[in-house]
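1. Any chance you can model this:
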Amino acid sequence: MKVVCFLLKLVLKILLLPVAFLLRFLCFIWNLLMQLSLWVLSPVMLFVLGCGIYSVVRASWTDVFLLTLIEMGLFAAAVGAGGIMELMERLCECIEDVLTI
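-> As a prediction, the model looks like this:
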């Protein structure tokens, strides 16, 4: 019985190893893309915020509303990318925990 259990664990590890490598590679690529996109996204967010402040001073409330929606969308994209990165890291850790058993 111990031999069968050992062989099943070995087969599971052999099947999960390529998945772990692929997932770790995807985590690396996602992190790289997230960092690069935030270098582009953050100046755009600052520009939209500046335009929103200017629209408030000018009392153009339609523009303020639209710029607020754009700013919230950009912020949601940044937070969503971070959330996806966190989920991928947790999944990588879970698979690595299974592989080390």
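
2. who's in contact with stretch 39-56?
-> 61, 63, 64, 67, 68, 70, 71, 74, 75, 77, 78 (CB atoms under 8 Å, 6 or more residues apart in numbering). Heads up, the C-betas are built off the backbone N, CA and C, glycines and all.

3. same thing with stretch 60-75?
-> If you take CB under 8 Å, 6+ apart as the criterion, stretch 60-75 is touched by 41, 44, 45, 48, 49, 51, 52, 55, 56.

4. Now list the buried members of the residues you listed.
-> Neighbour-count burial within the contacts of stretch 60-75 applies to 41, 45, 48, 51, 52, 55; the criterion is 16 or more other CB atoms under 10 Å.

5. ok, back up a step: can you tell me which of the contacts of stretch 60-75 is nearest residue 95?
-> residue 41 (29.9 Å; CB to CB).

6. Where does the closest one fall, secondary structure wise?
-> helix 2-58 (DSSP states H and E).

7. before we move on, back to that, from the contacts of stretch 39-56, which single one is nearest residue 32?
-> Using CB to CB, residue 78 is the member of the contacts of stretch 39-56 that lies nearest residue 32, at 15.5 Å.

8. Enumerate every residue touching the closest one.
-> Counted by CB under 8 Å, 6+ apart, residue 78 has contacts 38, 41, 45.
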